[in-house]
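S.K.: sequence-free structure coming up:
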């Protein structure tokens with residue numbers, strides 16, 4: 001297609017967003033065009049969807065077995081929730097005449113705060129886990145082995 005690496009990343013991000021939003025292929029095409037200004041073919045979108053599906057198990061294994069990948073995803077999610085919170089506050093302040101919308105914003109902020117708190121609560125528990133001792137052992141398996149050996153474990 002001749003796109004730069006940055007444009008290919010933008011297109012892939014659009015496809016992933018479209019999948020989350022359950023957009024059709026034509027809606028995905030329109031999203032890509034509006035965000036990037038690039039016209040991609042439907043077969044290229046199909047190729048990206050197949051690629052994302054194909055690499056999903058490897059990505060899951062990386063998140064499960066690599067502490068840094070999991071933490072990176074957790075921090076990206078926190079950043080995303082904070083962007084949603086900023087946008088919600090913006091909507092709240094712009095809608096001073098619409099009390100119903102303001103009330104809805106407050107409810108949404110409450111849910112976003114809970115979501116952010118839940119993510120923040122998980123991070124210390126995950127980062128306290130021992131690093132795997134064997135190449136094929138996950139951090140969780142390593143913790144179980146340590147507990148079986150009688151080594152003390154942090155209690156949360």
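M.R.: All right, it came through fine. Only a predicted model underlies this, so the values are computations on that prediction, with no experimental measurement involved. Residues are numbered from 1 along each chain as shown.
S.K.: Which residue ranges make up the domains of the protein?
M.R.: 5-60, 66-129 (automatic domain parsing).
S.K.: could those go into JSON lines alongside mean pLDDT and mean neighbour count?
M.R.: C-beta: built from backbone N, CA, C; applies to glycine. Shown next, in JSON lines, are these (pLDDT from 0 to 100; neighbours: other C-beta atoms under 10 Å):
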{"stretch": "domain 5-60", "mean pLDDT": "92", "mean neighbour count": "14"}
{"stretch": "domain 66-129", "mean pLDDT": "91", "mean neighbour count": "13"}
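S.K.: can you pull out the helices in this structure?
M.R.: 5-20, 25-36, 42-65, 67-94, 99-127, 139-148 (DSSP state H).
S.K.: wait, isn't residue 27 in contact with residue 15?
M.R.: No. The criterion here is C-beta atoms under 8 Å, and residue 27 misses it with residue 15 at 11.2 Å.
S.K.: Show the contacting residues for the residue lying closest to residue 126 once chain neighbours are set aside.
M.R.: Closest residue to residue 126 apart from its sequence neighbours, by C-beta to C-beta, 6 or more residues apart in numbering: residue 70 at 6.2 Å. For residue 70, the contacting residues are 63-64, 126, by C-beta atoms under 8 Å, 6 or more residues apart in numbering.
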